[in-house]
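A.B. asks: kindly return the folded structure for what I paste below:
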Amino acid sequence: MTRLSSSSRCIRRLLSVGNSAIVPASTWKQSGQPLKGFPLRVHHLISHRFSAQAQVSDSKIILINAKSTSATSPYTSHNVTWTPDHGKLLECTFASTWKQVAHPLAGTPIASTFFDSKVGFRRLSDRRTFTAFQRSALSTSCVTLSMDNKRILSGCRDKIISDWAAPDDALTETPASLFLIQRHVSILDSDSTIRACFVLQILEINSKTITVQPCSILNSVSGTIFANRSKAKLEQSLWEDALLDAQKVIELEPSSHVGYQLKHTALHGARRYREAIEAFQNMLAKLDSARGMQIRKLRDKYVSPSRAEGIIQKLTDVQLQSAPLRLLNTNTGLLCGREAQISAFKTTTEYEQLLLSIMKHADLPMERIADAVATYFRYAMLSHRWGENEPLLHDIQDNVVYELKAVGGLVKLQSFSKLARHVGYHWAWIDTCCIDQNNYVELQNSLNSMFSWYRRSALMVVYLSDVPPSSKSGALAKSVWNTRGWTVPEFLAPKVIRFYQKDWTPYLDDHSPNHKESVEIMDELEDATGIYERVLVAFQPGMKDARQKLQWVSTRATTIPEDIAYSLFGIFGIHLPILYGENAQNALGRLLQEIVARSGDITPLDWVGQPSEFNSCLPAHISSYAAPPRALPYLSEDRIQTAVSSLRHTVAVDQASKLYDQLVNMSAPRFANCRLRLPCIVFPVTEVRRRSGPDQEASSTYTVKADGLDDVSITTEENLIQFSRLRPTRRTFLLVRPWDRRLLELPDFADDEENLGDCPPLDDSDESTGGSPGEEEITDSESYSRALRLIVRLGQPFGAFLLAQQRGGEYKRIASDHDIIARVKDVTSVHSMMDLRTLEIL
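C.D. replies: Below you'll find the model as predicted:
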């Protein structure tokens with residue numbers, strides 16, 4: 001018996017014991033002496049576990065375990081074949097007997113042979129032959145279906161392979177006989193290979209009909225055999241064997257795309273991606289030159305290499321636009337700019353795999369491609385305390401970091417790079433050498449982008465150089481790292497952060513992937529920074545709670561004075577020019593000016609200390625925010641309701657409403673050219689009197705009287721001119737209440753927008769075009785209540801500014817050593833003494 005093919009698996013070897021020849025099924029060429037007589041024994045490999053062996057001498061079949069080489073009990077048989085899915089082993093002894101051999105697999109029936117030179121199909125259910133065909137007087141020695149179950153091949157003792165086709169009557173309801181195509185090919189001629197025959201496609205085989213149609217994908221039977229065998233080897237992950245067969249298909253069918261497609265698949269499986277891309281390009285070239293609608297449709301499923309590369313390039317550019325300009329390649333140890341980063345990407349297996357995926361799948365979602373690009377370009381960043389001899393850009397440019405002498409800051413750089421590489425990141429960034437400190441434009445862009453870089457980093461590594469190994473909880477809070485200004489955005493911005501001790505072991509021996517998920521570490525950081533744990537874990541940049549954010553950095557320091565303000569730009573979501581040399585007051589002033597101007601929040605004006613030269617309403621130093629905001633008496637809801645009820649008897653509706661409307665329509669505070677236009681409630685000062693005290697003291701305490709307010713006490717280093725109603729002065733002083741829109745108790749729309757996803761959509765059917773008189777009365781009552789509530793709040797103690805008028809009519813704020821707390825004398829008369837103005841303050 002000679003097996004020509006397998007239905008879905010590959011035949012590794014055809015062994016003939018009679019002549020001791022090994023004939024690879026991929027060549028069908030003579031090996032050794034010509035085959036004489038009937039071969040005694042044939043081995044047929046199935047999966048990786050069993051091979052089937054048939055012997056003519058004793059007509060037995062033996063299943064052999066491929067691993068243990070142990071054999072099962074023999075079965076009496078003469079011919080053997082497998083079902084198309086290798087589910088069951090079938091064997092026949094003579095034409096009249098055809099049965100299924102007991103085997104713990106499953107399958108379907110295929111062709112069998114007869115000793116009367118016929119080939120037929122049988123059903124297992126009733127062993128009935130429903131199709132038979134005959135070639136010559138010689139008996140058929142073997143028969144099989146192709147690996148794809150689409151062709152019928154048979155062999156005879158004349159060493160000829162026959163390829164069977166169906167006549168027109170094969171489509172009838174009655175069983176049809178098949179005839180042989182009048183072309184036979186010798187399989188043992190040393191100089192020949194199987195030539196062209198029609199390739200048959202069996203669409204349906206059942207007890208009534210057999211439909212056989214020609215297909216022109218491959219023009220030769222041998223090409224088809226090699227192609228199908230290559231497919232079978234691919235299923236078994238036998239990449240090199242599949243590649244050999246694919247190469248044979250290319251040789252036999254140079255104009256077909258099939259060989260290149262198989263070659264590509266084999267190379268891809270072997271992870272030889274660059275060669276796989278080349279094979280795929282050749283496949284596309286064959287498809288482009290092919291004719292026929294079916295082939296054209298097949299071509300439309302694929303993407304050309306140039307288009308795929310263009311897609312990756314576009315997404316890479318987008319990804320790198322928001323990444324640091326320079327990154328350290330953790331694999332090579334080289335510092336790379338954008339072009340070098342892209343070039344490095346194109347040499348990786350990640351790039352080749354992505355390119356192949358795009359080429360093979362025209363409908364691949366763009367999001368998946370973008371995710372693959374982003375995954376490769378993930379980078380780790382280092383938060384640390386600068387030390388001596390830190391390597392700068394020129395120290396490592398064009399040098400392999402790992403090969404430089406490990407001294408000073410290079411030890412830290414090398415350790416960080418190795419750590420980033422170890423945890424799976426191709427790229428790393430450190431502020432010492434990844435920024436050109438001498439390039440002003442690059443430095444400015446980098447500092448303005450720093451927060452977003454931290455935010456987008458895959459990992460922030462915090463190196464605590466002064467925390468020894470095996471330290472206990474509390475060492476983080478005591479580290480000098482926790483006193484620096486830039487470290488605040490470095491631990492707030494990133495989503496993933498890990499703390500490392502001096503020897504680069506995890507702090508508190510916590511090996512979890514993200515220390516922001518460590519309750520113990522976050523509790524310690526909260527105590528050390530004064531920042532709530534929930535904010536540490538999920539910080540969002542923006543203007544909200546501006547006064548509190550300023551307090552976070554009020555006790556921190558930076559090597560360059562201006563950096564204390566620059567480090568806050570990202571926290572507030574602000575982009576401003578970086579102007580080293582402008583001095584700290586100016587840098588802080590520009591930051592505070594932007595916060596007040598953009599948000600309308602006046603809480604940054606709440607400070608105690610020295611006034612700034614930038615503007616007298618701003619502090620000279622960030623430390624002025626160290627003290628918490630002034631604490632004013634708490635007004636409970638019960639007290640508000642009681643006061644509102646009392647005011648209903650003394651304040652008319654129109655008076656209350658007028659005041660409310662005036663305050664609602666007051667403009668927001670604005671800065672321009674270091675001048676603050678501040679909306680205020682003004683109380684003119686009628687008297688300033690100095691209290692007695694030691695003359696040598698730097699500060700003096702004054703009693704200040706103003707219309708409608710209780711007397712206030714002010715301590716200041718400035719020398720105020722004393723005056724009274726009896727001794728007036730040309731200089732005007734005002735006690736003012738900066739207008740705070742929060743007193744209106746309006747909703748915080750910024751917060752509402754964040755929660756819009758939780759709100760149900762508005763139902764237009766519920767909207768009314770007009771209101772009833774009763775509804776109008778309710779609305780008027782609610783407006784009156786809101787106005788009275790505002791008057792109650794205006795009657796409470798408040799933080800006041802003392803302003804002194806200048807020659808040009810502007811005002812300057814008089815700084816005080818403590819908060820100025822003012823109180824209205826008569827709450828019931830608040831509505832009648834409101835002097836609302838917008839003052840210009842220098």
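A.B. asks: can we go C-alpha only for contacts and neighbour counts from here?
C.D. replies: Fine.
A.B. asks: following element in sequence after the longest strand along the chain, please.
C.D. replies: Counting residues, the longest strand found in the chain (DSSP state E) is strand 675-690. Per DSSP states H and E, the first helix or strand lying C-terminal to strand 675-690 is strand 700-706.
A.B. asks: return stretch 381-396 as PDB; C-alpha atoms alone will do.
C.D. replies: The C-alpha coordinates for stretch 381-396 follow below in PDB (Å, rounded to 0.1, in the frame of the first residue of the first chain):
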ATOM      1  CA  MET A 381      10.400  58.600  34.600                       C
ATOM      2  CA  LEU A 382      12.600  59.300  37.500                       C
ATOM      3  CA  SER A 383      11.800  61.600  40.500                       C
ATOM      4  CA  HIS A 384      14.800  62.200  42.600                       C
ATOM      5  CA  ARG A 385      16.900  64.800  44.500                       C
ATOM      6  CA  TRP A 386      19.700  66.200  42.400                       C
ATOM      7  CA  GLY A 387      23.100  65.400  43.700                       C
ATOM      8  CA  GLU A 388      26.700  66.200  42.800                       C
ATOM      9  CA  ASN A 389      28.100  65.400  39.400                       C
ATOM     10  CA  GLU A 390      24.800  64.700  37.800                       C
ATOM     11  CA  PRO A 391      25.400  63.700  34.100                       C
ATOM     12  CA  LEU A 392      24.100  66.300  31.600                       C
ATOM     13  CA  LEU A 393      23.100  66.000  28.000                       C
ATOM     14  CA  HIS A 394      26.600  66.500  26.600                       C
ATOM     15  CA  ASP A 395      28.000  63.800  29.000                       C
ATOM     16  CA  ILE A 396      25.900  61.000  27.600                       C
END
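A.B. asks: contacting residues around it?
C.D. replies: 334-335, 408-410, 416, 428-437, 454, 457, 459-465, 480-481, 484, 487, 490 (CA atoms under 8 Å, 6 or more residues apart in numbering).
A.B. asks: buried only: go through those for me.
C.D. replies: Listed as buried from the contacts of stretch 381-396 are 334-335, 409-410, 416, 428-437, 454, 457, 459-465, 481, 484, 487, 490; burial here means 16 or more other CA atoms under 10 Å.
A.B. asks: narrow those residues to those in strands?
C.D. replies: 335, 428-429, 459-463.
A.B. asks: closest one of those to Y379?
C.D. replies: Nearest to Y379 among these is A428, at 5.1 Å by CA to CA.
A.B. asks: state the distance from the closest residue in space to I295 that isn't next to it in sequence to G259.
C.D. replies: Nearest residue to I295 in three dimensions, chain neighbours excluded: L287, at 6.6 Å (CA to CA, 6 or more residues apart in numbering). According to CA to CA, to the nearest Å, L287 stands 12 Å off from G259.
A.B. asks: between these two, tell me which one has more neighbours.
C.D. replies: G259 (30 against 21; other CA atoms under 10 Å).
A.B. asks: can you confirm that one is in a strand?
C.D. replies: No. Under DSSP: H, G, I helix; E, B strand; the rest coil, G259 falls outside any strand and is assigned helix.
A.B. asks: got the contact list for it?
C.D. replies: Counting by CA under 8 Å, 6+ apart, G259 has contacts 227, 246-250, 253.
A.B. asks: nearest to D523 among those?
C.D. replies: Nearest member of the contacts of G259 to D523, counting by CA to CA, is A246, at 62.6 Å.
A.B. asks: so how far is S304 from I250?
C.D. replies: Distance, I250 to S304, using CA to CA: 21 Å.
A.B. asks: neighbour-wise, which of the two wins?
C.D. replies: Under the neighbour definition other CA under 10 Å, I250 and S304 were set side by side, and I250 has more, 22 against 19.
A.B. asks: cross-check the contact I'm expecting between the more buried one and Y260.
C.D. replies: Yes. Counting by CA atoms under 8 Å, Y260 is a contact partner of I250 at 6.7 Å.
A.B. asks: need the buried ones from the contacts of G259 selected in PyMOL.
C.D. replies: Selection of the buried residues among those in PyMOL, burial being defined by 16+ other CA under 10 Å:
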select buried, resi 227+246+247+248+249+250+253
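A.B. asks: model confidence for T129, exactly?
C.D. replies: Looking at T129, its pLDDT stands at 50.
A.B. asks: name the residues of stretch 281-291 that are buried.
C.D. replies: Neighbour counts over stretch 281-291 (16+ other CA under 10 Å) mark 281-287, 290 as buried.
A.B. asks: so which of the residues you listed are in helices?
C.D. replies: Those of these mapping onto helices are 281-287, per DSSP state H.
A.B. asks: okay, these in JSON lines with distance to P541 and pLDDT next?
C.D. replies: As requested, these are exported to JSON lines (distance: CA to CA, whole Å; pLDDT from 0 to 100):
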{"residue": "Q281", "distance to P541": "48", "pLDDT": "92"}
{"residue": "N282", "distance to P541": "52", "pLDDT": "92"}
{"residue": "M283", "distance to P541": "52", "pLDDT": "91"}
{"residue": "L284", "distance to P541": "50", "pLDDT": "90"}
{"residue": "A285", "distance to P541": "52", "pLDDT": "89"}
{"residue": "K286", "distance to P541": "55", "pLDDT": "88"}
{"residue": "L287", "distance to P541": "53", "pLDDT": "89"}
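A.B. asks: check which element follows the strand or helix carrying R639 along the chain.
C.D. replies: Taking DSSP H and E as the criterion, R639 maps to helix 637-647. On the C-terminal side of helix 637-647, the closest following helix or strand by DSSP H and E is helix 653-664.
A.B. asks: any idea which helix or strand comes after that next one?
C.D. replies: Heading C-terminal from helix 653-664, the first helix or strand you meet, by DSSP H and E, is strand 670-672.
A.B. asks: what lines up beside that next one in the sheet?
C.D. replies: In the sheet containing strand 670-672, its partner strands are strand 675-690 (antiparallel), by DSSP bridges.
A.B. asks: list the buried residues of the strand it pairs with.
C.D. replies: For strand 675-690, using 16+ other CA under 10 Å, the buried residues are 675-690.
A.B. asks: again with stretch 353-367
C.D. replies: Using 16+ other CA under 10 Å as the test for burial, stretch 353-367 gives 353-360.
A.B. asks: with stretch 622-640 instead?
C.D. replies: Buried residues in stretch 622-640, counted by 16+ other CA under 10 Å: 622-626, 629, 640.
A.B. asks: then stretch 575-591?
C.D. replies: Neighbour counts using 16+ other CA under 10 Å place 578, 584-591 of stretch 575-591 among the buried residues.
A.B. asks: among those, which ones are in helices?
C.D. replies: 584-591.
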